[in-house]
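Undergrad: Structure for the following, please:
(one chain, ligands or ions: 1)
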Amino acid sequence: MAARILDGKKLAETVRAEVREGVTAFKAKYGRAPGLEVILVGDDPASQVYTRNKEKASNEVGMRGHLHVLPASTPEDDVLALVQRLNADEATDGILVQLPLPKSIREQRILDAVDPAKDVDGFHPINAGLLASGRPRLVPCTPLGCMRLLALAEVPLKGAHAVVVGRSNIVGKPVAQLLLAEHATVTIAHSRTKDLAALCREADVLVAAVGKAELVRGNFVKPGAVVIDVGINRVDAGNGKTKLVGDVAYAEVAEIASAITPVPGGVGPMTIAYLLQNTLTAAHARAAGST
Ligand SMILES: Nc1nc(=O)c2c([nH]1)NC[C@@H]1CN(c3ccc(C(=O)N[C@@H](CCC(=O)O)C(=O)O)cc3)C=[N+]21
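TA: Residues are numbered from 1 along each chain as shown. Take a look at the predicted model:
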């Protein structure tokens with residue numbers, strides 16, 4: 001039995017179309033476009049591609065998207081000053097600081113400076129705390145994308161055992177909170193978990209977000225489970241080139257799971273789609289004066 005492939009690229013198109021309609025309605029109501037400001041510090045090639053894609057994607061749905069590129073040598077205080085300027089800018093609804101930042105800059109200091117009302121990544125401790133308290137406001141994009149993929153899979157979450165492998169503030173913890181809110185029984189596992197394979201085999205829903213290429217093998221998966229692969233690992237393809245693989249050994253697991261997300265074309269495109277959705281959400285909240 002081969003698993004159903006959960007096509008994130010196609011579903012992301014649907015989400016973007018939803019956002020595009022929402023942006024049209026927002027413009028009609030408020031006479032302005034939602035504004036997204038993306039900040040990239042440094043010249044990491046992958047980050048350059050990702051941030052340009054975010055800028056482009058926001059413009060494609062009718063937003064005012066803008067990318068700020070700062071040299072890697074930019075002093076921490078200058079990055080902070082840009083964040084503060086954007087916090088104060090009425091036309092800016094969303095601020096995204098691309099990670100990782102150069103080592104000379106304290107990430108926490110910058111992320112904590114983003115106005116929680118404009119924190120479209122959902123990384124600010126206020127937004128993390130609201131999510132954990134069952135009062136979600138701006139929720140991290142990748143976990144939102146995972147939940148939408150699970151909705152596509154039509155997997156019943158109520159009472160299901162969900163195992164999340166990975167405990168990051170960006171994916172593992174928030175996706176666990178969202179699964180809990182849907183009444184799943186959630187286990188958060190990580191690199192130090194004893195007998196990880198046996199624990200994962202208990203999962204009806206398995207979310208792999210550890211950042212270790214193909215860690216999740218066939219023997220980690222209960223027959224019929226739904227598998228969401230958040231990993232994006234660039235590995236040697238053997239022919240002098242590189243390729244992207246997830247945290248899941250796809251070919252092997254696709255023989256056992258009932259549904260699985262591919263890499264690329266799974267969670268990645270959904271992350272960008274939900275960044276746009278979050279920007280629209282932030283714009284509405286700000287325009288309505290609720291924050
Ligand atoms: N503040 C911040 N917010 C982020 O959301 C954030 C970040 N920093 N830093 C880096 C990571 C990574 N990330 C990706 C988003 C989409 C794809 C994506 O669309 N990937 C395509 C393939 C891309 C390719 O071919 O290289 C796919 O999976 O199909 C990948 C990676 C967002 N991140």
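Undergrad: Could you report the pLDDT at S290?
TA: Reported pLDDT at S290 in the predicted model: 53.
Undergrad: what is V165 paired to in the beta sheet?
TA: Counting by DSSP bridges, V165 is bridged to A189, A208.
Undergrad: Now do it against the ligand, distance only.
TA: V165 sits 18 Å away from the ligand, going by Cβ to the nearest ligand atom, to the nearest Å. Just so you know, the C-beta spots here come from the backbone N, C-alpha and C atoms, and that holds for glycine as well.
Undergrad: what pLDDT does that residue get?
TA: At V165, the model reports a pLDDT of 98.
Undergrad: repeat for C141
TA: According to the model, C141 scores 98 on pLDDT.
Undergrad: Surely it is in contact with G268?
TA: No - here C141 lies out of contact with G268, judged by Cβ atoms under 8 Å, at a distance of 10.6 Å.
Undergrad: List the contacts of the most centrally placed residue in the chain.
TA: Nearest to the mean C-alpha position of the chain, by Cα atoms, centre = their mean, lies T142 at 1.8 Å. The contact partners of T142, taken as Cβ atoms under 8 Å, 6 or more residues apart in numbering, are 170-171, 175, 209, 230, 267, 270-271, 274.
Undergrad: Which residues does whichever strand or helix holds D112 contact?
TA: Using DSSP states H and E, D112 falls within helix 107-113. With Cβ under 8 Å, 6+ apart as the test, helix 107-113 has contacts from 76, 79-80, 83-84, 87, 97, 99-101, 123-125.
Undergrad: Give me the buried positions along that helix.
TA: For helix 107-113, the neighbour count (16 or more other Cβ atoms under 10 Å) marks 110-113 as buried.
Undergrad: Now do the buried residues in the helix or strand hosting C146.
TA: Using DSSP H and E, C146 maps to helix 141-153. Of all the residues in helix 141-153, those buried under the rule 16+ other Cβ under 10 Å are 141-150, 152-153.
Undergrad: restrict these to those near the ligand?
TA: C141 (Cβ under 6 Å from any ligand atom).
Undergrad: which one of the buried residues of helix 141-153 sits closest to the ligand?
TA: Nearest to the ligand among these, counting by Cβ to the nearest ligand atom, is C141 at 5.5 Å.
Undergrad: ok, which residues in the stretch 101-250 of the chain are in contact with the ligand?
TA: Close to the ligand, as judged by Cβ under 6 Å from any ligand atom, the stretch 101-250 of the chain has residues 121, 141, 232, 244.
Undergrad: Not counting sequence-adjacent ones, nearest residue to the last one?
TA: Yep, that's L244 we're talking about. Among residues not flanking L244 along the chain, P264 sits closest, at 5.2 Å (Cβ to Cβ, 6 or more residues apart in numbering).
Undergrad: distance between the longest helix anywhere in the chain and the chain's centre?
TA: Longest helix of the chain, by residue count under DSSP state H: helix 8-30. Computed by Cα atoms, centre = their mean, to the nearest Å, the chain-centroid distance of helix 8-30 equals 17 Å.
Undergrad: Thank you, goodbye.
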